[in-house]
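J.: Here you go, sequence then predicted model.
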Amino acid sequence: MFKRLLNVAFIFAGIGSGLIGDYPSITPSNSKLLPPAFAFSIWSIIYLTGIFLAYKLIRNQISVTGPGITLISIGYFLSGFWIRFDGHPNIVSVLAISNLVLTIVAIYILRKTQISKTLLNFLSAFSSWLAIAASLVIADALKISTASNISTAIYLALALSITFTIYLFLIPLYGYLGTISWASFSILFAKDSSGLPIFIVAGVAFLISLLLFLQKIRDQKLTKSGL
């Protein structure tokens with residue numbers, strides 16, 4: 001009982017910190033990788049998923065053993081606080097990476113349990129978006145996001161490659177892949193990105209994510225049909 005309530009407290013503390021209060025953007029306004037405002041609407045899905053998870057925990061409707069639920073709950077907690085360390089890019093980078101690793105481990109563990117596949121897919125979107133967010137804050141810390149278009153594009157290609165690798169080997173879920181598509185599409189409209197190299201990298205990533213999505217649907221249909 002105590003563990004469930006502690007997990008609920010972690011989730012609501014993180015969501016509350018993310019929603020309440022006035023905090024500055026941790027990303028420079030002239031970043032070439034900063035997506036437009038509509039991209040961050042993904043947080044509404046992430047937060048609603050967290051609230052639903054907390055509700056299921058309160059009602060004791062999740063019978064999952066192991067550390068997965070606790071790790072994802074702490075992930076929500078961290079996500080609501082590292083965004084407040086404006087002016088300290090190195091601290092933000094360390095916290096963002098820690099948050100990402102925590103959620104990757106959590107989703108990987110939860111994949112081995114009997115948790116609802118639908119809930120797991122929505123939770124994986126959280127991990128995927130953190131992968132994108134961590135990439136952005138690291139780019140800001142290294143001042144790559146305001147460097148030349150070529151340098152920024154190379155970094156973006158590397159970051160997206162790592163994100164795809166996580167999908168292929170650790171979290172092969174619709175929610176994770178769909179969020180990569182959303183992030184790549186959003187970066188196409190990055191506020192200060194007028195360079196063709198960045199546009200090409202983001203566009204290729206978007207197309208790859210769509211192809212992988214279609215392949216996953218096809219593979220599942222073949223599995224169900226017994227072929």
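T.: Yes, it's here.
J.: For stretch 36-48, measure first residue to last.
T.: Across stretch 36-48, the terminal residues are separated by 21 Å (CA to CA, to the nearest Å).
J.: The residue most central in space within the chain: what secondary structure?
T.: Note on the chain: the residue nearest the mean C-alpha position is Trp129, at 1.8 Å, using CA atoms, centre = their mean. Classification of Trp129 using DSSP: H, G, I helix; E, B strand; the rest coil returns helix.
J.: thinking it is in contact with Thr179, fair?
T.: Yes. At 5.3 Å, Trp129 counts as touching Thr179 under the criterion of CB atoms under 8 Å. For the C-beta atoms, the positions are set from N, CA and C on the backbone; glycine is no exception.
J.: Pull up the overlap in contacts between these two.
T.: Ile42 (CB atoms under 8 Å, 6 or more residues apart in numbering).
J.: The nearest residue to Leu95 once chain neighbours are set aside: what's it in contact with?
T.: Leaving aside its chain neighbours, Leu95 sits nearest to Trp82 (3.6 Å; criterion: CB to CB, 6 or more residues apart in numbering). By CB under 8 Å, 6+ apart, Trp82 lies in contact with Ile91, Val92, Leu95, Ala96, Asn99.
J.: Please tell me how far Trp82 sits from Val94.
T.: Separation of Trp82 from Val94 (CB to CB, to the nearest Å): 9 Å.
J.: Same check on Trp182?
T.: Counting by CB to CB, the gap from Trp182 to Val94 is 26 Å.
J.: next one: Phe77
T.: On the measure of CB to CB, Phe77 and Val94 end up 16 Å apart.
J.: swap in Arg59?
T.: From Arg59 over to Val94 the distance is 36 Å, taken as CB to CB.
J.: the more surrounded of the two?
T.: The residue with more neighbours, out of Arg59 and Val94, is Val94; 17 against 9, by other CB atoms under 10 Å.
J.: any idea which helix or strand carries that one?
T.: Using DSSP states H and E, the element containing Val94 is helix 89-110.
J.: residues of the lengthiest helix in the chain that come out buried?
T.: Longest helix of the chain, by residue count under DSSP state H: helix 196-225. If you call a residue buried by 16 or more other CB atoms under 10 Å, then helix 196-225 has these buried ones: Pro197, Ile198, Phe199, Val201, Ala202, Ala205, Phe206, Ile208, Ser209, Leu210, Leu212.
J.: now do stretch 84-104
T.: Residues 85, 89, 92-97, 99-100, 102-104 are the ones in stretch 84-104 that count as buried (16+ other CB under 10 Å).
J.: Need the residues you listed in JSON lines (columns: distance to Thr118 and pLDDT).
T.: Below are the buried residues of stretch 84-104 laid out as JSON lines (distance: CB to CB, whole Å; pLDDT from 0 to 100):
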{"residue": "Phe85", "distance to Thr118": "34", "pLDDT": "77"}
{"residue": "Pro89", "distance to Thr118": "36", "pLDDT": "79"}
{"residue": "Val92", "distance to Thr118": "32", "pLDDT": "86"}
{"residue": "Ser93", "distance to Thr118": "33", "pLDDT": "88"}
{"residue": "Val94", "distance to Thr118": "33", "pLDDT": "91"}
{"residue": "Leu95", "distance to Thr118": "29", "pLDDT": "90"}
{"residue": "Ala96", "distance to Thr118": "27", "pLDDT": "90"}
{"residue": "Ile97", "distance to Thr118": "28", "pLDDT": "94"}
{"residue": "Asn99", "distance to Thr118": "23", "pLDDT": "94"}
{"residue": "Leu100", "distance to Thr118": "23", "pLDDT": "95"}
{"residue": "Leu102", "distance to Thr118": "22", "pLDDT": "95"}
{"residue": "Thr103", "distance to Thr118": "18", "pLDDT": "96"}
{"residue": "Ile104", "distance to Thr118": "20", "pLDDT": "96"}
